[in-house]
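**Student:** Could you work out the structure for the sequence below:
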Amino acid sequence: MFGAGCFWGVEEAFRRVEGVVNVEVGYSGGVVQNPTYRMVCSDRTGHAEVVHIEYDADRISYEDLLEVFWSIHDPTTLNRQGPDIGTQYRSAIFFYNDDQRNAAEASKKRLSESGRFRRPIVTEITPASEFYRAEEYHQRYLEKAGLSHGCAVGGCGAKVTRRA
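**Tutor:** Predicted coordinates for the structure are as follows:
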């Protein structure tokens, strides 16, 4: 489960990756049960907009998913992606087991040491908490809006820059 800003563009980017079986958008990492979009946007629930990804491990590795994650957003901006500001837009990796945690930490370290970014990477790596599926109108939002080539709304300009 990943948070990388506005979930619409992030969802679209991961849907285009070979080996990804399903992507749902929602909320995680907060303190309120069953939050709504309006509640999350208040910046008072602690939730991040996230994508919950189901993938075929025989076709794509978790490490490859991490590479896609790093390539579709700016992990150096705290609680922000483009003009979208708030903790709900934070860069976050929510891991489900020690293997994912170790892979995420190693990937973040490699990226930090690569010199690709001038500023420090602020992406949080934290245990996965409850995933709350977003309202139906948010699922495949860009596809429904005819914007499946990339988000042109607000700051969710995530586009696939690398196919796994």
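
**Student:** what sits up against the longest helix along the chain?
**Tutor:** If each helix of the chain is counted by residues according to DSSP state H, the longest one is helix 98-114. Applying Cβ atoms under 8 Å, 6 or more residues apart in numbering, the contact partners of helix 98-114 are 62-63, 66-67, 70, 75, 93, 95, 117, 120-121, 123, 125, 127. For the C-beta atoms, the positions are set from N, CA and C on the backbone; glycine is no exception.

**Student:** For residue 137, grab phi and psi.
**Tutor:** Residue 137 adopts backbone torsions of phi -70, psi -20, taken as degrees, to the nearest 10.

**Student:** Which residue, neighbours along the chain excluded, lies closest to it?
**Tutor:** residue 144 (7.8 Å; Cβ to Cβ, 6 or more residues apart in numbering).

**Student:** and the longest helix of the chain, which residues are buried?
**Tutor:** Neighbour counts using 16 or more other Cβ atoms under 10 Å place 100-101, 103-104, 107-108, 111 of helix 98-114 among the buried residues.

**Student:** pLDDT on that helix, on average?
**Tutor:** Helix 98-114 shows a mean pLDDT of 98.

**Student:** try stretch 22-30
**Tutor:** pLDDT averaged over stretch 22-30 gives 98.

**Student:** what's the answer for stretch 67-82, then?
**Tutor:** Across stretch 67-82, the average pLDDT comes to 96.

**Student:** could you pull out the helices for this structure?
**Tutor:** 7-15, 37-41, 62-71, 98-114, 141-144.

**Student:** Tell me which of those sits nearest to residue 135.
**Tutor:** For these, the distance to residue 135 is smallest for helix 37-41, at 5.8 Å, taking Cβ to Cβ.

**Student:** thinking again about what came up before, number of nearby residues for the residue nearest to residue 137?
**Tutor:** Residue 144: 12 surrounding residues under other Cβ atoms under 10 Å.

**Student:** Redo the helices of the chain as a markdown table? Include distance to residue 50.
**Tutor:** Rendered in a markdown table, the data for these read as follows (distance: least, Cβ to Cβ, whole Å):
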| stretch | distance to residue 50 |
| --- | --- |
| helix 7-15 | 6 |
| helix 37-41 | 10 |
| helix 62-71 | 11 |
| helix 98-114 | 14 |
| helix 141-144 | 14 |
